[in-house]
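*Asks:* quick one, structure for this:
(chains A, B, C and D)
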There are 2 protein chains.
Amino acid sequence: MDSPTAISALGALAQEHRLALFRLLVQAGADGMAAGAIADTLGVPNSSLSFHLAQLSRAGLARQERRHRSIIYRADYGAMNALVGYLMENCCAGAGCAAAPVEERKSA
Amino acid sequence: MDSPTAISALGALAQEHRLALFRLLVQAGADGMAAGAIADTLGVPNSSLSFHLAQLSRAGLARQERRHRSIIYRADYGAMNALVGYLMENCCAGAGCAAAPVEERKSA
DNA sequence: GTGACATTTCTATAAACATCGAAACGAGGA
DNA sequence: TCCTCGTTTCGATGTTTATAGAAATGTCAC
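*Replies:* The predicted structure follows:
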């Protein structure tokens, strides 16, 4: 991952609704979630949600797929993985960021 | 780390100059870097840099310390560690983001 | 084709952010 | 005290982002 890509991914997540949205997609897992269901869950108007969904897609963090009349969104774990990798490589410099990273909490 | 903190940290890094700035501070390590030297290295006007430095500080990603007439900035590795941890816990959900994270490139 | 539904695009508006020169501030040194 | 140096704050301007109702698009069932 290069810097511009990282910046757009970081920017995509640096917003209340979009972070919640992405977390929701992560929780939804491989099944994904329809745009309407997401808007409903998050309590955000459809048009606003569509805007954020597009931002997330543009940053490569979400992918969409038409399913009948709905459009299913899924988190792109590869992109998130790349982002975390970028941060650890470029912004930690062996300073221990990789030493104690996660608490092994399998929440999904 | 909670969501609002993560959002402000993500937002602080989601900007060309600030990402470069933070990477520079990481490279500088424990010695840190004076504001002027940073502005010089990055080719950003002092006043602009000061703005970005403040954003980074406000997000907890950098700390400052007066040293004679200069002000030394240092990256806050703990904050970055917390951010990476947050992303892995909340936005990966055991989907393999922690499985193959870094390429063991000790760049510093 | 018509109607119902899901989602996006359009449009306008308000708010936040980025930029940078000029002026102000603060810390030493003479 | 006066001067200089390093840094931040001020102020003004242009750009980007967030918001959400209304209209348009696309999909399916009949």
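*Asks:* if I look at residue A:70, how far off is residue A:36?
*Replies:* Distance of residue A:70 to residue A:36, computed by CB to CB, to the nearest Å: 7 Å. C-beta: built from backbone N, CA, C; applies to glycine.
*Asks:* kindly report the same for residue A:50.
*Replies:* 10 Å.
*Asks:* likewise residue A:53?
*Replies:* 11 Å.
*Asks:* who has more neighbours out of those two?
*Replies:* Set side by side, residue A:53 and residue A:36 show more neighbours around residue A:53, with 23 against 13, by other CB atoms under 10 Å in any protein chain shown.
*Asks:* host element of that one?
*Replies:* Using DSSP states H and E, residue A:53 sits within helix A:46-58.
*Asks:* likewise residue A:73?
*Replies:* Counting by DSSP H and E, residue A:73 is found in strand A:70-75.
*Asks:* in chain A, what residue lies closest to DNA strand C?
*Replies:* residue A:36 (2.1 Å; CB to the nearest atom of the strand).
*Asks:* that's a strand at that residue, yeah?
*Replies:* No - assigned with DSSP: H, G, I helix; E, B strand; the rest coil, residue A:36 falls outside any strand and is helix.
*Asks:* go ahead and confirm it touches residue A:72.
*Replies:* No - Residue A:36 lies out of contact with residue A:72 (CB atoms under 8 Å); the separation is 10.6 Å.
*Asks:* which residues touch the residue nearest the centre of chain A?
*Replies:* Most central in chain A under CA atoms, centre = their mean is residue A:22, positioned 3.8 Å from the mean C-alpha point. Counting by CB atoms under 8 Å, 6 or more residues apart in numbering or on different chains, residue A:22 makes contact with A:12, A:13, A:56, A:61, A:62, A:75, B:91.
*Asks:* with these in mind, which one is nearest to residue B:30?
*Replies:* residue A:13 (28.9 Å; CB to CB).
*Asks:* please report how far the closest one lies from chain B.
*Replies:* Residue A:13 is 5 Å from chain B, where distance means CB to the nearest CB, to the nearest Å.
*Asks:* do the same with residue A:60
*Replies:* The spacing between residue A:60 and chain B, counted by CB to the nearest CB, is 14 Å.
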